[in-house]
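1. A structural model of the following input is requested.
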Amino acid sequence: MKLPYYFIKTERVFHPFKHYSWLLVPLIAVGGLYYPKLGLLLLPIMLTLMLTGFFTGKYWCGNLCPHGSLFDKLVLPLSPNRKIHPFFKSTFLKTAFFLFYMGMFIRRLIKVSALWGSLAFWDKLGFLFAVNYLMPTIIGLMLTLFVNSRAWCRFCPMSTIQQLMYKLGKTTGLNRPTDRKVTVADPNLCHKCGRCARVCPVQLAPYLEFGPGNQFDNEECIRCATCAVNCPAGILSLATGGEAQKLPAAGRGRRRQRIVAKVETVNTLSDDVREYVFRFVDPAEVAYRAGEFLLVKVTDAPEAFRAYSISSANPEKTKVRITVKKAPGGYGTDIIFRRYRAGDTVELEGPLGHELVVNEKVGKVLCLAGGIGITPFVALVPEFLARGEKTAAVQLVYGVNRENEFLYDDYFRSIAGSDERLSYRPVVASPAVGWEGDIGFVTDVIRNMDLADYTVYMCGPKPMVEAARRLLRQKGVAEDKIRAESA
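-> Have a look, this model is predicted:
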């Protein structure tokens, strides 16, 4: 059985120049062999990367480098995207290759300099640059096709020059106003899912190395923003030290803690969905609220967790229930499905999340769920109804692709049958013949609803949440009455 791979291929091109800078590679590396003066384009390139290196570290590598553009935009789909071997990341290789490359370049430059003042000088100089530019093109492409698209970048001489210039910028302190590093808004909000490490082109692990100012101070970081764009919690950004100090620390003072628990039971709800009940061991009791979520550890090296909504309300606070849907090719869910059995010890962290926690002032509630996003409502709906007259109405709209994908359907039908305040509306996007319920998406169901005085709680796939949020705004639902979490 082939196991899901740790590193993920994802979009890495966010700077507009990076979309087209790859064109300079064939222009200089190949065109310069036939029209040598094209090689002189490397002069402004080298000056620019040195300047950007001084002020912004390896920003050039991640956003402007023509080779980086070639590897990330065009060749990445062909790369196996394997783990970069420690040798390629070693100081020994970086130093040795830098000395070799620069020694070869300077030796040839001395020979060319003898032609200074002649008509042939500029052609010879351009040819020298073109040949030197061809080397990283060939080596980089080979490494991309057989190892990883950014393996070359770990020992590229131009990358080393940027790093040396960056050290100079830090030593003088002149780059503080411009040095934008990967920054976490608050470490307490980090899910420790490792997504930033899994998508990082040069295979760094920001979530394990946040230091002073909640910043990732690793000189190998290429500032490409891939980790920030892919962060599930949306708490990563590129910021200077001054900007980092102004970020709101929303997670401070929360009850997050390390928890040792045992798997009490594992219930199979469908082929790809399981329900796990954990009994707390240390501490023996954990105070949590419906609508919060817990982190479940999946690996120790590197330490990584997965976030799951709590689908139970346990008054004794001695155990908790979560529901896990196995994602196709999912690294974390595959480990949970293969590893955790009744009686196993597991490490948790939490509780976290305030988006879906019950607001005691809410009278009318609209709950929108998509797929596995129904999980938090298993505990939330009974909690809303338990408030008695404070809760006037609860409408639950639950959407899936096919009717056999519903979870806890009998559970919600039973509650709706015993409490008239709950209106339960299951909706199917692609139903089989004979389905008598709503057809379409959750947005189709709520489009004609009167949502005056309603507060909306929603959880589901990101596209569903975004589409529902847009529609709710169009219907005049205030932003402070929309509480959402992606499943």
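2. can you pull the contacts of residue 427?
-> Taking Cβ atoms under 8 Å, 6 or more residues apart in numbering, we find residue 427 in contact with 397-400, 437-442, 444-445. No exception for glycine: its C-beta is placed from N, CA and C like everyone else's.
3. Would you format the residues you listed as TSV with neighbour count, distance to residue 59 and secondary structure included?
-> Listed next are the contacts of residue 427 as TSV, based on neighbours: other Cβ atoms under 10 Å; distance: Cβ to Cβ, whole Å; DSSP: H, G, I helix; E, B strand; the rest coil:
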residue	neighbour count	distance to residue 59	secondary structure
397	24	45	strand
398	26	45	strand
399	28	42	strand
400	24	44	strand
437	12	53	coil
438	17	50	strand
439	13	50	strand
440	14	46	coil
441	21	41	coil
442	26	41	helix
444	15	45	helix
445	20	47	helix
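4. ok, those residues vs residue 380, which is closest?
-> For those, the minimum distance to residue 380 (Cβ to Cβ) is 12.6 Å, reached by residue 398.
5. in the helix or strand containing residue 125, what counts as buried?
-> Under the criterion of DSSP states H and E, residue 125 resides in helix 120-146. Buried residues in helix 120-146, counted by 16 or more other Cβ atoms under 10 Å: 122-134, 136-137, 139-141, 143-144.
6. Correct me if wrong, but residue 433 is in a helix.
-> No: under DSSP: H, G, I helix; E, B strand; the rest coil, residue 433 falls outside any helix and is assigned coil.
7. Tell me how many other residues crowd it.
-> When counting by other Cβ atoms under 10 Å, one arrives at 4 neighbours for residue 433.
8. Per-residue pLDDT of it, please?
-> Listed pLDDT for residue 433 reads 80.
9. would you list the contacts of residue 427 in a markdown table and tack on pLDDT?
-> Below are the contacts of residue 427 laid out as a markdown table (pLDDT from 0 to 100):
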| residue | pLDDT |
| --- | --- |
| 397 | 96 |
| 398 | 96 |
| 399 | 94 |
| 400 | 94 |
| 437 | 87 |
| 438 | 90 |
| 439 | 93 |
| 440 | 93 |
| 441 | 94 |
| 442 | 94 |
| 444 | 93 |
| 445 | 93 |
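10. Mind putting these into TSV with distance to residue 66?
-> Output for the contacts of residue 427, formatted as TSV (distance: Cβ to Cβ, whole Å):
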residue	distance to residue 66
397	50
398	50
399	45
400	46
437	55
438	52
439	51
440	47
441	43
442	45
444	47
445	50
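11. and of those, the nearest to residue 185?
-> Using Cβ to Cβ, the contacts of residue 427 come closest to residue 185 at residue 442, 29.4 Å.
12. Please name the bridge partners of the residue lying closest to that closest one once chain neighbours are set aside.
-> The shortest distance from residue 442 to any non-neighbouring residue, by Cβ to Cβ, 6 or more residues apart in numbering, is to residue 399 (4.2 Å). Beta-bridge partners recorded for residue 399 (DSSP bridges): residue 370, residue 427.
13. Wait, residue 399 touches residue 437, no?
-> No: when contacts are counted by Cβ atoms under 8 Å, residue 399 is not listed as touching residue 437 (10.6 Å).
14. sec struct for residue 395, please.
-> With three-state DSSP as the criterion, residue 395 reads strand.
15. where do the helices sit along the stretch 301-450 of the chain?
-> For the stretch 301-450 of the chain, the helices defined by DSSP state H, counting those that start in this stretch occupy 331-339, 375-385, 409-418, 442-446.
16. let me fix that: the stretch 151-300 of the chain
-> 157-172, 195-199, 226-230, 241-245.
17. Which other helices and strands does the first one contact?
-> Taking 3 or more Cβ pairs under 8 Å, 6 or more residues apart in numbering; DSSP states H and E as the contact definition, the neighbouring helices and strands of helix 157-172 are helix 42-56, helix 59-63, helix 91-113.
18. can you give me the offset of that helix from its chain's centre?
-> 28 Å (Cα atoms, centre = their mean, to the nearest Å).
19. That helix: which residues count as buried?
-> So for helix 157-172, counting by 16+ other Cβ under 10 Å, buried means 157-163, 165-166, 169-170.
20. Now for residue 399 and residue 437: what residues contact both?
-> 426-428.
21. Relative to residue 180, which of those residues is nearest.
-> Of all the shared contacts of residue 399 and residue 437, residue 180 sits closest to residue 427, with 44.1 Å by Cβ to Cβ.
22. Next one: that closest one from residue 443, what distance?
-> Distance, residue 427 to residue 443, using Cβ to Cβ, to the nearest Å: 10 Å.
23. Kindly report the domain assignment for this structure.
-> If you go by automatic domain parsing, the domain ranges for the chain are 16-170, 180-245, 257-352, 364-486.
24. Can you tell me which of the ones you listed is most buried?
-> Mean neighbour count (mean count of other Cβ atoms under 10 Å) peaks for domain 180-245 among the domains of the chain, with a mean of 19.
25. Show me the shaky parts of the stretch 101-250 of the chain.
-> Low-confidence segments of the stretch 101-250 of the chain (pLDDT under 70): 249-250.
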